[in-house]
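A.B. asks: Based on what follows, work out the 3D shape:
(chains A and B)
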Amino acid sequence: LAKTTQPISMDSYEGQEVNITCSHNNIATNDYITWYQQFPSQGPRFIIQGYKTKVTNEVASLFIPADRKSSTLSLPRVSLSDTAVYYCLVAPNSGGYQKVTFGTGTKLQVIP
Amino acid sequence: GAVVSQHPSRVICKSGTSVKIECRSLDFQATTMFWYRQFPKQSLMLMATSNEGSKATYEQGVEKDKFLINHASLTLSTLTVTSAHPEDSSFYICSASGTGAHNEKLFFGSGTQLSVL
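C.D. replies: Here you go, the predicted structure:
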């Protein structure tokens, strides 16, 4: 299983763009990269998933370079409600997930 | 989107009793379910993986006789904490991986806060 490394914490002011990078040097060919958000005392919530290049949805963008050894979650113009822990997951997905383990996550604190 | 329902959200029990936590996939068939525990300010720790109709696979260090997992149907998995002790107090979270259009993501329950007195 690909191990992921993220910064433990980040601070940002409201309205700023936040980029959180995740390293996954031993990512395998059939691994997908997925980001989740978790608020205290809640289960993680899916944000975005990608395999390569760039993926964008209504809440975030995911940038994946050609070597796929890292990925960057971009949150445009964060608000106080974006204060949460963000997890990067790398796992194979063929016919459903077989096993998923979490790294440390990045605790994002948005400051007024 | 797909929904995973976890119940109860909070439970307080006496030491020595058993507690059952349910995890249901409401609108899709979950071939695989995962159970995690999470201590305050820490990441989720995978406890076990369960596949419908077969025995769960436990992670190293997780006592299978203490944390009983049953995945008897494609929409329900249960975790029973047997003879609970205060050190079992934690936040337990389930997740489900589906089939077809739902096999691309993991869907998580809202978690169960277990407090053992």
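A.B. asks: counting contacts, what elements does the lowest-mean-pLDDT helix or strand in chain B pack onto?
C.D. replies: Every helix and strand in chain B was compared by mean pLDDT, DSSP states H and E; the lowest is strand B:106-108, with a mean of 87. Packing partners of strand B:106-108 (3 or more CB pairs under 8 Å, 6 or more residues apart in numbering or on different chains; DSSP states H and E): strand A:31-38, strand A:45-50, strand B:90-98. Using the backbone N, CA and C atoms, a C-beta is placed for each residue, glycine as well.
A.B. asks: 10 Å instead?
C.D. replies: Identification of packing neighbours for strand B:106-108 by 3 or more CB pairs under 10 Å, 6 or more residues apart in numbering or on different chains; DSSP states H and E yields strand A:31-38, strand A:45-50, strand B:4-7, strand B:30-38, strand B:90-98.
A.B. asks: For chain A, which segments are assigned as strands?
C.D. replies: A:9-13, A:18-23, A:31-38, A:45-50, A:53-56, A:61-64, A:70-75, A:84-92, A:106-111 (DSSP state E).
A.B. asks: Wondering if stretch A:78-88 reaches chain B at all.
C.D. replies: Yes: judged by CB under 10 Å from any CB of the partner chain, stretch A:78-88 comes into contact with chain B through A:85, A:87.
A.B. asks: Quick check: buried residues in that stretch?
C.D. replies: A:78, A:82-88 (16 or more other CB atoms under 10 Å in any protein chain shown).
A.B. asks: And the strands in chain B?
C.D. replies: Using DSSP E, the strands of chain B run over B:4-7, B:10-13, B:19-25, B:30-38, B:45-51, B:57-58, B:67-73, B:76-81, B:90-98, B:106-108, B:112-116.
A.B. asks: Turn these into JSON lines, columns for mean neighbour count.
C.D. replies: Output for the strands of chain B, formatted as JSON lines (neighbours: other CB atoms under 10 Å in any protein chain shown):
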{"stretch": "strand B:4-7", "mean neighbour count": "18"}
{"stretch": "strand B:10-13", "mean neighbour count": "14"}
{"stretch": "strand B:19-25", "mean neighbour count": "21"}
{"stretch": "strand B:30-38", "mean neighbour count": "25"}
{"stretch": "strand B:45-51", "mean neighbour count": "20"}
{"stretch": "strand B:57-58", "mean neighbour count": "16"}
{"stretch": "strand B:67-73", "mean neighbour count": "18"}
{"stretch": "strand B:76-81", "mean neighbour count": "22"}
{"stretch": "strand B:90-98", "mean neighbour count": "26"}
{"stretch": "strand B:106-108", "mean neighbour count": "25"}
{"stretch": "strand B:112-116", "mean neighbour count": "19"}
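A.B. asks: To A:Tyr36, which of the ones you listed lies closest?
C.D. replies: Checking those against A:Tyr36 by CB to CB gives strand B:106-108 as the closest, at 7.7 Å.
A.B. asks: Neighbouring strands of the closest one in the sheet, and parallel or not?
C.D. replies: With DSSP bridges as the test, strand B:106-108 is paired with strand B:90-98 (antiparallel).
A.B. asks: in the chain, which ranges drop under the pLDDT threshold?
C.D. replies: Chain wasn't specified; assuming chain A. A:1-2, A:93-98 (pLDDT under 70).
A.B. asks: Not quite, go with chain B.
C.D. replies: Residue ranges of chain B with pLDDT under 70: B:1-2, B:98-104.
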